[in-house]
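J.: return atomic coordinates for the entry below.
(2 chains)
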Amino acid sequence: MSQENQAEKGRFSKVGLPVAKSYIYPAGRNRLLLFGLGGALAAAALFGADAWLSRGELISNGPLSSAHASFEDDCQACHTSFEPVSDQKCLVCHEKYASDPALHSFDSHYVYRSNDLTRAYRRQGETACFDCHPEHGGRQARIISVGDSKCLPCHEFDAFDSAHPQFDFLAEGQSDDSKLSFTHIRHVQNVRREKTLDDIEEACLACHQPLADGKRFAPIDFELHCQGCHLGPAQRVQSEQLDVLPPGRALVTPQGGLNLGVESLATVRRRQGPGEQWALQASPAEFRERGGTVVKLRLYHEDPWILHNLRMLRRSLYPSAGLADLLKASAQVPSAQADILYREAAATLREYLDGLRGRSDDRSAMRELIDLDRLLSRTEERIRRGNDPMDDAQFLLPDQINPALSNEQVEQIAEFAEQLTAACRKCHILDRATIARVQKDQRVLRRAEFNHRVHILQRRCLDCHGGIPFYDLIGPLAAADQSPEADPQVDRSAIQNLPGIEECRACHQSGLVDDGCVTCHRFHPDERDESRLLLHSGQGFSVGQGGSR
Amino acid sequence: MKARFQTASRAVDLHRWVQSPAWLKAFLAAAALTMAVGLIQLWTSEFRSGNNWGVAYGITAAVLLASVSAYSIRRRSPGRGPASARHWLQFHIFGGGLFLLMVLMHTAFRLPHGVLAWSLWILSLWLAVSGILGTLIQRWIPRLLTSGLATEANYDRLPDLAKAVREEAESLAEAGSIAVRRYFQDNLQEGFAQLRTRPIFFVDITGGAQAQLRQSSHIRGFLEADEQKTLDRLIELFQAKTELDAHHTLQKALRWWLYGHVPFALVLILLVVVHVLTVLYY
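T.: Residues are numbered from 1 along each chain as shown, chains lettered A, B, ... in the order given. Predicted coordinates for the structure are as follows:
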């Protein structure tokens, strides 16, 4: 720096400003720190007082959702000091049963809809409840609305409108396994004619009656939906003319002979065997026996005489049928509905017991009575333990046919069974001398929920259920008398009259109608099994009391 | 070699706005890496505070906050500690930017819930904004002071200097003619009264002095030669005072922005401690 510049240093243009007489100490910056410390202490006091004296509102991550608002003042209801929020605290309210596997666990999710009990085992590091249902998002937060990101780590399906697989029933070509012989078009025409319905879809609703939840339909029930036309008071249906088995003679003799025939009402009445009380109430006038043959002049649904004789035929084929003998129809039910078999078997056992108790003079029946009573107790106990999986396999007929019968004899028995059930087989399927159990409550979309009510506002029934060409084959009501002959190619009960995923994608796509996973799928099992806020005595939780639980 | 970002129309001189382009590049690399990690997370998991990813972002943010805050300690201990003060400052600036990014990733780029979470979020944002503002001020005002004003003045001496100028001006006006005295009283005296904070200096470093002195040329024609010299001296003193006001205004801004930064940082650190404790407890 030059001398001249040095002389000018500290001078303010042409104005000579005085040079400082002493060293200037810059103002301290401690004031900044003091301000900061003051603010920090004030904040600490505020939060401390809130946590200590108040309800911790300031340190809370936000208000709880509406469903949990009553716990707003009680952090410990969900939180435990220095531990993550435990699922157990959620389950205090949200678990109906304390049994294992619990309803809201991953175990249940694995089994849910897959019905594969081998998947019901506890896994380490399972996703906690709060991972999918985060709280403290405010009163209006919908914590049950779970984003796809929660599902995708396990289910790599990605976007519904492009990467979701086709529905199983279509992908695997599954047919409608209703176990009924049925044609829709003829029935729709009959219903239209009877009820003078112009609208085809109104005829659908005559049988497919929506449940109150609007999602599904009530199971088809013979008394409600079929009896009006089939086997009702106005319908006189009789059996074929059948050979009568002489009293005391067995269908299959010890020597391997075959005496095909049915037991007459008189034979059954005389024997008064277990479960044969129906014979006492049946009218002999309904039977016409002539020349070693019999015709039942009036048939009913689940006709006991038909079922009795069919059981006899089945016993000849499968002498060790076991528990299958206790059922009126075959044992094929969805495994989740195995309780149906147990209940039906229990009802049959009760009939047997009533019959045996009525024979008080027969001391030899006592042992059988005790055995049956024990079996009934076990069956009823099994029904009561509703949470444990039921084994429906023990109701199945054995694979092995009576070895004493030749193939020709087996065929003769099968033919006779068909002759016996000719009237039944107009609707039912006969398999191994057993009426195939009708699958009344069919769920084709096994892993998804579908709500008909919310869709019927947008589309008509036949817009989606177009597998059977109703509009093409059914004319106006005036022509309803001319029922078209059912073409089995286009109208048979095996046709799954359901739309494929493309139909759904027309609306459910990104930017249009919601297409998230939880729109159709549920993580937890059926909502009917959800919590009823049972009070678990062991966990000391009570509703309606403030303070610590 | 000057670091330049070549654009379509012209080259942007990084040195003009960034003290250390190397630190800027390091920051951009770290931010890009963080975003890449975020993308991987988006692919494999989800953005949420509560999962392992979110907690990791939170821990990183807390560590960054503690680290950049250490600059304040280093600043009060000149010559001590590792690395030069310049590097500490650069780390403070760019580390603070990275801190904000971590906070946003920790909150999954969503608005928070609850008073504490909102406080943390707003304070973090405020610290970043005030930090950027401070950085710009510290780059801009010194240039303005050195290029636009005729001299340097120590901020702590400004009251003394203003007083000296005022006293000289008042004594000159007192000894001058009635015309000069009247002109001084009507036009200049208020300007000498005290150091003034005038935002105009941020946009016009002269503070509009020429406009204020325009009337002096009008009365000059009516004054004797001696009186003209007195008037000229008064004008010089007025200009000097105006520059002292400019120093006062601009240097004050250099000091006072810290009040919008440092105390809030301390409050944030405390709230982070509260946040960590509540997370551990609950």
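
J.: how much space between the residue of chain B most remote from its centre and B:Glu236?
T.: Relative to the centre of chain B, the most outlying C-alpha is that of B:Glu224, 47.6 Å out, by C-alpha atoms, centre = their mean. Separation of B:Glu224 from B:Glu236 (C-beta to C-beta, to the nearest Å) stands at 19 Å. Backbone N, C-alpha and C define where each C-beta goes, glycine included.

J.: how about the secondary structure of the one residue in the stretch 201-350 of chain A that gets nearest to chain B?
T.: Across the stretch 201-350 of chain A, the shortest distance to chain B (C-beta to the nearest C-beta) belongs to A:Lys215, at 29.6 Å. Three-state assignment for A:Lys215 (DSSP: H, G, I helix; E, B strand; the rest coil): coil.

J.: do A:Cys229 as well
T.: Here A:Cys229 is recorded as coil under three-state DSSP.

J.: what pLDDT does it get?
T.: What the model reports for A:Cys229 is a pLDDT of 85.

J.: so stretch B:214-230, near chain A or not?
T.: No - applying C-beta under 8 Å from any C-beta of the partner chain, one finds stretch B:214-230 out of contact with chain A, separated by at least 12.3 Å.

J.: got the buried residues for that stretch?
T.: For stretch B:214-230, burial by neighbour count (16 or more other C-beta atoms under 10 Å in any protein chain shown) applies to B:216, B:219, B:223, B:227-228, B:230.

J.: so which residues on the stretch 1-150 of chain B come close to chain A?
T.: Residues of the stretch 1-150 of chain B lying close to chain A (C-beta under 8 Å from any C-beta) are B:44-46, B:48, B:50-51, B:76, B:112-117, B:119, B:150.

J.: name the SS class of the residue in the stretch 51-200 of chain B that chain A sits nearest to, please.
T.: Across the stretch 51-200 of chain B, the shortest distance to chain A (C-beta to the nearest C-beta) belongs to B:His113, at 2.8 Å. What three-state DSSP gives for B:His113 is coil.

J.: distance check, it against B:Ser49.
T.: Counting by C-beta to C-beta - B:His113 and B:Ser49 are separated by 10 Å.

J.: same thing with A:Tyr25?
T.: The separation that A:Tyr25 has from B:Ser49, given C-beta to C-beta, amounts to 48 Å.

J.: those two: which is more packed in?
T.: B:Ser49 (19 against 7; other C-beta atoms under 10 Å in any protein chain shown).

J.: list the contacts of the residue nearest to A:Leu405 when sequence neighbours are not counted.
T.: Leaving aside its sequence neighbours, A:Leu405 sits nearest to A:Val252 (C-beta to C-beta, 6 or more residues apart in numbering or on different chains; 6.7 Å). Shown in contact with A:Val252 (C-beta atoms under 8 Å, 6 or more residues apart in numbering or on different chains): A:258-259, A:316, A:402, A:404-405, A:409.

J.: what residues of stretch A:338-353 count as buried?
T.: A:338, A:340-342, A:344-346, A:348-349, A:351-353.

J.: which of those residues fall in helices?
T.: Using DSSP state H, the subset of the buried residues of stretch A:338-353 located in helices is A:340-342, A:344-346, A:348-349, A:351-353.

J.: reformat these into a markdown table and put distance to chain B and pLDDT next to each item.
T.: Listed next are these as a markdown table, based on distance: C-beta to the nearest C-beta, whole Å; pLDDT from 0 to 100:
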| residue | distance to chain B | pLDDT |
| --- | --- | --- |
| A:Ile340 | 42 | 88 |
| A:Leu341 | 44 | 89 |
| A:Tyr342 | 44 | 89 |
| A:Glu344 | 48 | 91 |
| A:Ala345 | 49 | 90 |
| A:Ala346 | 50 | 90 |
| A:Thr348 | 54 | 91 |
| A:Leu349 | 54 | 90 |
| A:Glu351 | 58 | 88 |
| A:Tyr352 | 59 | 87 |
| A:Leu353 | 59 | 86 |
